[in-house]
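*Asks:* coords please:
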Amino acid sequence: MKIWKKPISLDILNQTSQNTLIDHLGIVYTEITDETLSATMPVCSFTHQPLGMLHGGASVVLAETLGSVAANFAVSEQEFCVGLDINANHVRSAREGTVTGTAVSLHRGVSTQVWQINITDERGRLICTSRLTIAVRKVRQQG
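*Replies:* The predicted structure follows:
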């Protein structure tokens, strides 16, 4: 069942990321299915920590980006979503190449959502698993 309630496309997502942290880290949205959103991020000098490995914070940026954006497209035009809490387990290091994050909804309620984001390397090995809790808010009417 398709979860998206707002028009969504790779072009829309990638265009709205220009001149943001998402753009700076080289995150590119790559796939939208009826129930998931995926993006890639390079593992290189600007996503490394000093030991030459993918920085855990960069993984969390990818995870929160995917979960937050997915949540916002899974609510009506009268609602918006903001992050409440994120956790991440870094289970494998990466030194080069590209990682791919995929967000899937675990819960989409009236006031909260919970998203699971798994980040894998080019060989499909789990690098990081993250859970993001989202608050669903109503857009305030002007006037």
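*Asks:* pLDDT weak spots in the protein?
*Replies:* Along the chain, the model assigns pLDDT under 70 to residues 143.
*Asks:* grab the most central residue of it for me.
*Replies:* Nearest to the mean C-alpha position of the chain, by CA atoms, centre = their mean, lies Leu66 at 1.3 Å.
*Asks:* my guess is that one contacts Cys128. True?
*Replies:* No: if you go by CB atoms under 8 Å, Leu66 and Cys128 don't touch, sitting 11.6 Å apart. Using the backbone N, CA and C atoms, a C-beta is placed for each residue, glycine as well.
*Asks:* show me where this protein has its strands.
*Replies:* 28-32, 36-43, 79-90, 97-108, 112-120, 126-138 (DSSP state E).
*Asks:* just send the ones you listed back as TSV, with mean neighbour count too.
*Replies:* Converted to TSV, the strands of the chain look like this (neighbours: other CB atoms under 10 Å):
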stretch	mean neighbour count
strand 28-32	17
strand 36-43	22
strand 79-90	15
strand 97-108	18
strand 112-120	21
strand 126-138	19
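*Asks:* so what does the biggest helix by length in the chain touch, helix or strand wise?
*Replies:* If you go by DSSP state H, the chain has its longest helix at helix 56-73. Applying 3 or more CB pairs under 8 Å, 6 or more residues apart in numbering; DSSP states H and E, one finds that helix 56-73 contacts helix 21-24, strand 36-43, strand 79-90, strand 97-108, strand 112-120, strand 126-138.
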